[in-house]
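Engineer: All I have is the shape, not the residue letters:
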């Protein structure tokens, strides 16, 4: 008796073979501007809320479209370290991070990831994706400056963009936080945009 051809089998040259459904490898994409992502910070500051750093269309308003850890329009820094945290709502694998700082930028910071909500405490559930305080990791970060800050008369960039890659260890996280130790310029550290590229962990095949 001949075997019927089913959805799982096809006749090829008188024989039978099983149809294999291959799964394409996910392509890295911009994840942080999704509606499912939320942003929070340790302080409200004097300008926009933390949510401005994940706007779908990055803003250009010098006051409303950036987050700043300052207490007034003179840029007086709120004392201490500060952080901005993203919750992706599901597990992701990070490929690249772009931090678009204002003139009040930082370079002494860490990118911390976790499957659990990050708090102010130094726990064991954090994974350091990038350590800007470690000179041996500086090759992973490139810097581009552009524009002129309207808040000062001398030549001062409006944007200081850090692109960080080299995430060789593909570890799933749900939360990603930039933990800033201090501002380079002395003003309260200020961030326009926090862009994260990568893939969703549940879309990656083990095949």
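Structural biologist: Received, thanks. What you are looking at is a predicted structure, and each value in this text was computed from that prediction instead of being measured.

Engineer: which regions of this protein sit below the pLDDT cut-off?
Structural biologist: Scanning the chain for pLDDT under 70 picks out 1-24, 120-124, 205-207.

Engineer: what's the longest strand in it?
Structural biologist: strand 82-101 (DSSP state E).

Engineer: got a list of what the closest residue to residue 92 other than its chain neighbours touches?
Structural biologist: Nearest residue to residue 92, sequence neighbours excluded (Cβ to Cβ, 6 or more residues apart in numbering): residue 198, at 5.1 Å. C-beta: built from backbone N, CA, C; applies to glycine. Going by Cβ atoms under 8 Å, 6 or more residues apart in numbering, residue 198 touches 28, 29, 31, 92, 93, 94, 95, 96.

Engineer: if you go through the chain in chain order, where are the strands?
Structural biologist: Using DSSP E, strands in the chain cover 9-12, 15-18, 29-30, 38-41, 67-68, 82-101, 108-114, 127-131, 141-146, 159-164, 173-182, 190-200.

Engineer: Can you list the helices and strands that the fifth one packs against?
Structural biologist: Translated: strand 67-68. strand 190-200 (3 or more Cβ pairs under 8 Å, 6 or more residues apart in numbering; DSSP states H and E).

Engineer: And the strand it packs on, what's buried?
Structural biologist: 190, 191, 192, 193, 194, 195, 196, 197, 198, 199 (16 or more other Cβ atoms under 10 Å).
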